[in-house]
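K.L.:
Turn this into a structure:
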Amino acid sequence: MSVTRVLRTAAATLEHVFFETGTEIGAASSTTVTVAITDANGAAVTSGNATQSGQQGRYVFTLPGQPALQELTVAWSATIAGTARV
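P.N.:
As a prediction, this is how the structure comes out:
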């Protein structure tokens, strides 16, 4: 788990790489990667699909600027080679 600090009202580009046993998993460009962002109470803040970022297996999602400072949790999920990844 990593922590990213973002200025209030500033958008942030979040990046994720899927791993299996310490090795990067390359996903096909047609793989849909979903992102769900929640606040500390578990309430949904935003969600959507991530886009592939250059290298196969790397995905990015832009978190819109937030009106207040708060701790958020980002959940990434996809099905890669027939296996659900979270």
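
K.L.:
Would you check that my belief about residue 79 contacting residue 86 is correct?
P.N.:
No: using Cβ atoms under 8 Å, residue 79 makes no contact with residue 86, being 10.2 Å away. All C-beta atoms are positioned from the backbone trio N, CA, C, and that covers glycine.

K.L.:
So for these two, which residue has more residues nearby?
P.N.:
Each of residue 79 and residue 86 has its neighbours counted (other Cβ atoms under 10 Å); residue 79 has more, 12 against 7.

K.L.:
And the pLDDT at the more buried one?
P.N.:
Residue 79 carries a pLDDT value of 82.

K.L.:
Where does it sit: helix, strand or coil?
P.N.:
strand (DSSP: H, G, I helix; E, B strand; the rest coil).

K.L.:
list the contacts for it?
P.N.:
Neighbouring residues of residue 79 by Cβ atoms under 8 Å, 6 or more residues apart in numbering: 31, 85.

K.L.:
what do you get if the cut-off is 10 Å, keeping everything else the same?
P.N.:
Residues near residue 79 by Cβ atoms under 10 Å, 6 or more residues apart in numbering: 27, 31-33, 85.

K.L.:
For it, give the beta-bridge partners.
P.N.:
Using DSSP bridges, the beta-bridge partners of residue 79 come out as residue 84.

K.L.:
for residue 48, same thing?
P.N.:
Beta-bridge partners, per DSSP bridges, of residue 48: residue 35.

K.L.:
mean confidence for whatever helix or strand residue 62 lives in?
P.N.:
For residue 62, the host element (DSSP states H and E) is strand 58-63. Strand 58-63 carries an average pLDDT of 92.

K.L.:
Each with direction, which strands does it pair with?
P.N.:
By DSSP bridges, strand 58-63 pairs with strand 12-17 (antiparallel), strand 51-52 (antiparallel).
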